[in-house]
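J.: give me the fold of what follows.
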Amino acid sequence: MAFDRDELVEKLADALADNPGCTMKELAEAVGISKASLHRIYTNKANICQLLVEKERQVLADVSAVLKRENSDWLDDLQDIIGLFADNGPFVRCMGRETLPVQVTEAEWDAFDQELTAFFRKGREAGLLQGDFSSTDMNDIFFGLITGLIESMGMRKSSPGAVKRIVYEALLGGIYRPLTIRQ
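T.: Numbers count the residues shown, from 1 in each chain. Below you'll find the model as predicted:
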């Protein structure tokens, strides 16, 4: 049976996000290959988890590269960041799953979190973000929104394009241009 390894890894990520405690047999069933084939390709679940962590690290590195751009358009960068998360939804779904045997380290996550918070601080300093939110709050709002929609995308099988549109419009409607709350 021929298969695309990138597609296989994404399916494995989704399967582990849905059921972190699943066995190799359950993983094989979830991705549509035999248990023997899965063992032949990845040997064991720890190897699969290690591969997923490398994919997660790559997503964080790609987002970090956008966060560090000099003299770029903040709103374009925001769209690029949203796109990187949405286009890598299966790996984003696995981030922070404490039940997986291998994870991005807390130090790696803290460094990324500081970069993302600094990005939102730049948006605030440029006058692009408004409202009574600190940069840390905006970081939390953004990450909660993007990861929540990606999780929902996994359950509903909606497209990354829908996630990109919803997150961007939600941020622009609520943080970029604060909405008036009726009394």
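J.: please make it C-alpha for all contacts and neighbour counts, starting now.
T.: Will do.
J.: so which residues of this protein form helices?
T.: Secondary structure of the chain (DSSP state H): helices at 5-18, 24-31, 35-42, 45-67, 74-87, 89-94, 106-125, 135-156, 160-171.
J.: how far away is residue 22 from residue 101?
T.: Distance, residue 22 to residue 101, using CA to CA, to the nearest Å: 12 Å.
J.: can you tell me the closest non-neighbouring residue to residue 82?
T.: Residue nearest to residue 82 in three dimensions, not counting chain neighbours: residue 164, with 5.9 Å by CA to CA, 6 or more residues apart in numbering.
J.: so that neighbour sits against residue 86, correct?
T.: Yes - assessed by CA atoms under 8 Å, residue 164 is found in contact with residue 86 at 6.4 Å.
J.: out of the helices of the chain, which one sits most buried?
T.: Ranked by mean neighbour count, the helices of the chain are led by helix 89-94 with a mean of 26 (mean count of other CA atoms under 10 Å).
J.: pull the residues that contact that helix.
T.: Helix 89-94 is contacted by residues 10-11, 13-14, 16-17, 52, 55-56, 85, 147, 150-151, 154, 160 when judged by CA atoms under 8 Å, 6 or more residues apart in numbering.
J.: for it, give the mean pLDDT please.
T.: For helix 89-94, mean pLDDT is 90.
J.: can I get it as CSV, trimmed to CA atoms?
T.: Taking C-alpha atoms only, helix 89-94 is exported to CSV below (Å, rounded to 0.1, in the frame of the first residue of the first chain):
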residue,chain,number,x,y,z
GLY,A,89,-3.2,22.0,13.0
PRO,A,90,-2.5,18.4,13.8
PHE,A,91,0.9,19.2,15.4
VAL,A,92,-0.5,22.2,17.2
ARG,A,93,-3.2,19.9,18.7
CYS,A,94,-0.4,17.8,20.2
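J.: do you know how far residue 15 is from residue 155?
T.: Residue 15 sits 11 Å away from residue 155, going by CA to CA.
J.: and stretch 91-103, end to end?
T.: Distance across stretch 91-103, first residue to last, is 11 Å (CA to CA).
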